[in-house]
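>>> Task: produce atomic coordinates for the following.
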Amino acid sequence: MSEDNPDSLIPYDDVVQEALRAVVSRVLGDVCLNGLPGDHHFYITFKTRAPGVNIPVHLMERFPDEMTIVMQHKYWDLKVEAEHFEIGLSFSQVPAHLYIPFSAITAFVDPAVDFALQFHVEAEAGPEPHDAAGNDEAIFEQEDGSNVVTVDFGRKK
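Residues are numbered from 1 along each chain as shown. Just a heads-up that it's a prediction; the model follows:
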């Protein structure tokens, strides 16, 4: 038996990524219809330069690679479509409209129930340091034994 695994002709990693992004879409769709239930709230991290992302210039300058938003108390105009979601948030008292394709999301966390998903997104350039999210000051503490699902299939280069 060989230690080398054969290259798959089936794109399993892409299929799994797509299925897990459908989880995010469904959850946001439910919130769009019914609001956030109980103590649920979300941290959503996305690549700001991913295809289709549309955020204000001042946010793009502040977060040139990746940005985390907090969806908890102060958001408005949430719209969920098949390939993206839109949301209104305030950053330093300045309202902003964000258009985020699900394919740009790198992480989705619901700290109220210790649930997290991580995604692989092809980056155009290497990550740059950025400021912390400015739309909410909630703190997420991850404990051992969490229900974190990491999906990052190593690609052969």
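
>>> Test my guess that F102 contacts V27.
No - F102 is beyond contact range of V27, at 11.3 Å (criterion: C-beta atoms under 8 Å). Just so you know, the C-beta spots here come from the backbone N, C-alpha and C atoms, and that holds for glycine as well.

>>> Low-confidence ranges, this structure, go.
1-5, 123-157 (pLDDT under 70).

>>> Tell me which stretches of it form strands.
Ranges of strands within the chain are 42-47, 66-71, 75-80, 84-91, 94-101, 105-110, 115-118, 147-150, based on DSSP state E.

>>> Counting neighbours, go ahead and name the busier of F102 and V27.
The neighbour count for F102 versus V27, taken as other C-beta atoms under 10 Å, is higher for F102 (24 against 17).

>>> which residues sit in contact with that one?
Contacts were defined as C-beta atoms under 8 Å, 6 or more residues apart in numbering; by that measure F102 touches R21, V24, S25, E83, H84, F85.

>>> re the thing from before, mind putting the strands of the chain into JSON lines with mean neighbour count and distance to C32?
Shown next, in JSON lines, are these (neighbours: other C-beta atoms under 10 Å; distance: least, C-beta to C-beta, whole Å):
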{"stretch": "strand 42-47", "mean neighbour count": "21", "distance to C32": "12"}
{"stretch": "strand 66-71", "mean neighbour count": "22", "distance to C32": "11"}
{"stretch": "strand 75-80", "mean neighbour count": "15", "distance to C32": "5"}
{"stretch": "strand 84-91", "mean neighbour count": "18", "distance to C32": "8"}
{"stretch": "strand 94-101", "mean neighbour count": "17", "distance to C32": "14"}
{"stretch": "strand 105-110", "mean neighbour count": "21", "distance to C32": "15"}
{"stretch": "strand 115-118", "mean neighbour count": "18", "distance to C32": "19"}
{"stretch": "strand 147-150", "mean neighbour count": "12", "distance to C32": "23"}
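
>>> now those strands as CSV including distance to I10?
As requested, the strands of the chain are exported to CSV (distance: least, C-beta to C-beta, whole Å):
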stretch, distance to I10
strand 42-47, 26
strand 66-71, 29
strand 75-80, 29
strand 84-91, 27
strand 94-101, 24
strand 105-110, 23
strand 115-118, 22
strand 147-150, 20
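
>>> For F85, which non-adjacent residue is closest in space?
Excluding its sequence neighbours, the residue lying closest to F85 (C-beta to C-beta, 6 or more residues apart in numbering) is L28, at 5.3 Å.

>>> So what's the residue count around that neighbour?
L28: 21 neighbours (other C-beta under 10 Å).
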